[in-house]
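Student: Need coordinates for the below:
(one chain, ligands or ions: 2)
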Amino acid sequence: MSANPLVSQVDSPNPEKLELVPPLLGATVAELTAWVQQQGQPAYRGKQLHDWIYNKGVRSLCDISVFPKNWRAELAQVPIGRSTLHYRSVAPDGTVKYLLRLADGQIIETVGIPSAKRLTVCVSSQVGCPMGCDFCATGKGGYQRNLDCHEIVDQVLTVQEDFQQRVSHVVFMGMGEPLLNTDNVLASLRSLNQDVGIGARSLTVSTVGIRSRIRQLAEHHLQITLAVSLHASNQALRERLIPSARPYPLENLLAECREYVQMTGRRVSFEYVLLAGVNDLPKHALELAQHLRGFQNHVNLIPYNPIKEVDYKRPSSDRIQAFVNVLKQQQIAVSVRYSRGLEADAACGQLRANERQ
Ligand code: SAH
Ligand code: SF4
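Tutor: Ligands and ions are numbered 1, 2, ... in the order given. Next up is the predicted model:
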């Protein structure tokens with residue numbers, strides 16, 4: 001979002017002018033206050049507007065009952081920036097997958113993952129993804145465009161409203177590569193933290209690694225969690241799985257991760273999809289451990305979730321355990337993350353936008 005996008009527009013109820021207003025979602029309370037004042041309303045209406053957009057989930061400004069009736073009528077055309085629900089499916093484990101339709105008709109996926117004390121939302125940052133990872137359904141489906149800040153925040157509010165429960169965690173692990181859309185992702189992180197009220201440490205950005213972008217992110221000194229999708233223990237193997245990794249050697253990626261830890265004081269977590277016979281051998285675990293020695297990190301192993309385009313296999317649980325054991329012997333903190341939502345095609349890597357449109 002630009003410096004203060006709301007202040008330069010609408011000063012009359014002329015509907016043509018109102019159409020030029022950018023969606024309000026993603027705006028700070030100060031920006032909303034400036035906007036209402038510009039229209040001759042008292043400053044406190046900015047706080048009310050903020051509350052109705054972020055807490056009450058209003059979808060049309062006409063419905064803000066605390067606003068004067070004649071002003072509400074004028075505001076009818078002002079877009080808040082909410083999506084519409086296109087499709088919803090619930091997996092037996094309670095994970096809910098949503099297909100959301102955006103203002104331009106594009107469809108994105110969002111997943112709500114409930115657990116004992118948490119409600120986690122897995123958000124998309126792009127429509128599709130240009131990175132083309134060989135094991136990922138999103139990567140196989142091509143790329144359309146970046147999401148705007150309001151389209152990211154909307155996903156979290158949609159899940160919150162559907163579950164009637166406050167969202168505690170957000171992970172940028174849906175469709176798309178967040179660090180190809182850094183400005184909008186940063187704006188949405190700010191809004192999720194300050195407007196929606198989710199703690200910075202409960203916001204996780206997952207990236208496959210784009211040269212210089214991890215360092216740029218570190219310069220913001222956010223207390224968010226960074227997850228880096230590694231998936232391979234050497235450059236040759238990584239290039240095979242992630243074609244876009246070719247110009248960005250593993251050594252350079254890891255060097256940027258080390259800088260991230262130094263600059264932010266936060267550890268980095270590494271994601272590693274386990275593919276039977278490809279990257280799951282004890283020698284891979286040993287090689288991985290050697291790369292990760294000496295800086296604060298944590299490895300999340302994700303047993304592969306099948307997609308129809310390729311015939312990778314998920315390793316047996318013995319093989320997974322053997323991989324874990326090698327990492328543990330090497331003093332690497334490790335956990336195995338079995339994805340939720342497999343039955344709803346909502347698990348990691350299974351998200352694709354072109355179904356059921
Ligand atoms: N583009 C970012 C974020 C979205 S992908 C990234 O790649 O990090 C989120 C996670 O899902 C990544 O760790 C990714 O590697 C994983 N993933 C992709 N395809 C998968 C599959 N078929 N099975 C299991 N995990 C997968
Ligand atoms: Fe894009 Fe991440 Fe899928 Fe790779 S794993 S294609 S970076 S969404």
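Student: What residues of stretch 261-273 count as buried?
Tutor: Val261, Thr264, Arg266, Val268, Ser269, Phe270, Glu271, Tyr272, Val273 (16 or more other Cβ atoms under 10 Å). Every C-beta, even on glycine, is put in place using the N, C-alpha and C of the backbone.
Student: again with stretch 197-209
Tutor: Those would be Ile198, Ser202, Leu203, Thr204, Val205, Ser206, Thr207, Val208, Gly209, for stretch 197-209 by 16+ other Cβ under 10 Å.
Student: now, which of those residues lie close to ligand 1?
Tutor: Counting by Cβ under 6 Å from any ligand atom, Ser206, Thr207, Val208 from the buried residues of stretch 197-209 sit close to ligand 1.
Student: helix or strand right after the helix or strand of the chain at the bottom of the mean pLDDT ranking?
Tutor: None of the helices or strands of the chain scores lower by mean pLDDT, DSSP states H and E than helix 15-18, at a mean of 43. Counting by DSSP states H and E, the next helix or strand C-terminal to helix 15-18 is helix 29-38.
Student: quick one: the helix or strand just after that next one to helix 29-38, angle?
Tutor: Where DSSP H and E defines the elements, the next helix or strand beyond helix 29-38 is helix 44-54. Angle, helix 44-54 to helix 29-38, by axes from the mean of the first three to the mean of the last three Cα atoms, to 10 degrees: 130 degrees.
Student: ok so, going back, from the buried residues of stretch 261-273, which single one is nearest His220?
Tutor: Closest approach between the buried residues of stretch 261-273 and His220, by Cβ to Cβ: Thr264, at 8.7 Å.
Student: list the contacts for the residue nearest to the closest one when sequence neighbours are not counted?
Tutor: Among residues not flanking Thr264 along the chain, Ala218 sits closest, at 5.4 Å (Cβ to Cβ, 6 or more residues apart in numbering). For Ala218, the contact set (Cβ atoms under 8 Å, 6 or more residues apart in numbering) comprises Glu259, Tyr260, Met263, Thr264.
Student: just to revisit the earlier point, from the buried residues of stretch 197-209, which two are the most distant?
Tutor: The two members of the buried residues of stretch 197-209 with the most space between them (Cβ to Cβ) are Ile198 and Gly209, at 24.8 Å.
Student: contacting residues for Ser334?
Tutor: Not Ser; residue 334 is Val. Val334 neighbours (Cβ under 8 Å, 6+ apart): His298, Val299, Asn300, Leu301, Val324, Leu327, Lys328.
Student: go again using 6 Å as the cut-off
Tutor: Val299, Val324, Leu327 (Cβ atoms under 6 Å, 6 or more residues apart in numbering).
Student: Which members of those are positioned in helices?
Tutor: By the criterion of DSSP state H, membership of the contacts of Val334 in helices covers Val324, Leu327.
Student: Looking at the contacts of Val334, spot the one nearest ligand 1.
Tutor: Distance to ligand 1, by Cβ to the nearest ligand atom, is smallest for Val299 among these, at 11.6 Å.
Student: Report the beta-bridge partners for the closest one.
Tutor: Phe270, Val334 (DSSP bridges).
Student: Now do it against Thr158, distance only.
Tutor: For Val299, the distance to Thr158 equals 32 Å [Cβ to Cβ, to the nearest Å].
Student: what do you get for Arg213?
Tutor: 27 Å.
Student: Compare those two and say which is more crowded by neighbours.
Tutor: Comparing Arg213 with Thr158 by other Cβ atoms under 10 Å, the one with more neighbours is Thr158, at 23 against 16.
Student: Let me know the secondary structure of the more buried one.
Tutor: Under DSSP: H, G, I helix; E, B strand; the rest coil, Thr158 falls in the helix class.
Student: For the stretch 101-250 of the chain, what lies in contact range of ligand 1?
Tutor: Cys129, Phe135, Cys136, Met173, Glu177, Ser206, Thr207, Val208, Ser229.
Student: Ala245: which of those is nearest?
Tutor: Set against Ala245, the nearest of those by Cβ to Cβ is Val208 (7.4 Å).
Student: Need the pLDDT of the residue lying closest to the closest one once chain neighbours are set aside.
Tutor: Of all residues not flanking Val208 in the chain, Ser229 sits nearest, at 4.5 Å (Cβ to Cβ, 6+ apart). On pLDDT, Ser229 comes in at 98.
Student: Look up how far Asn181 lies from Ser229.
Tutor: According to Cβ to Cβ, Ser229 stands 16 Å off from Asn181.
Student: who has more neighbours, the two?
Tutor: Ser229 (25 against 20).
Student: And the more buried one, how far from Val196?
Tutor: 25 Å.
Student: residues contacting Leu147?
Tutor: Leu147 touches Ser125, Gln126, counting by Cβ under 6 Å, 6+ apart.
Student: Recalculate using a threshold of 10 Å.
Tutor: Counting by Cβ atoms under 10 Å, 6 or more residues apart in numbering, Leu147 touches 102, 106, 108, 123-127, 153-155, 174-176, 178, 181, 184-185, 188.
Student: what do you get for Ser202?
Tutor: Arg118, Thr120, Val167, Ser168, His169, Val170, Val171, Leu192, Asn193, Gln223, Ile224, Thr225.
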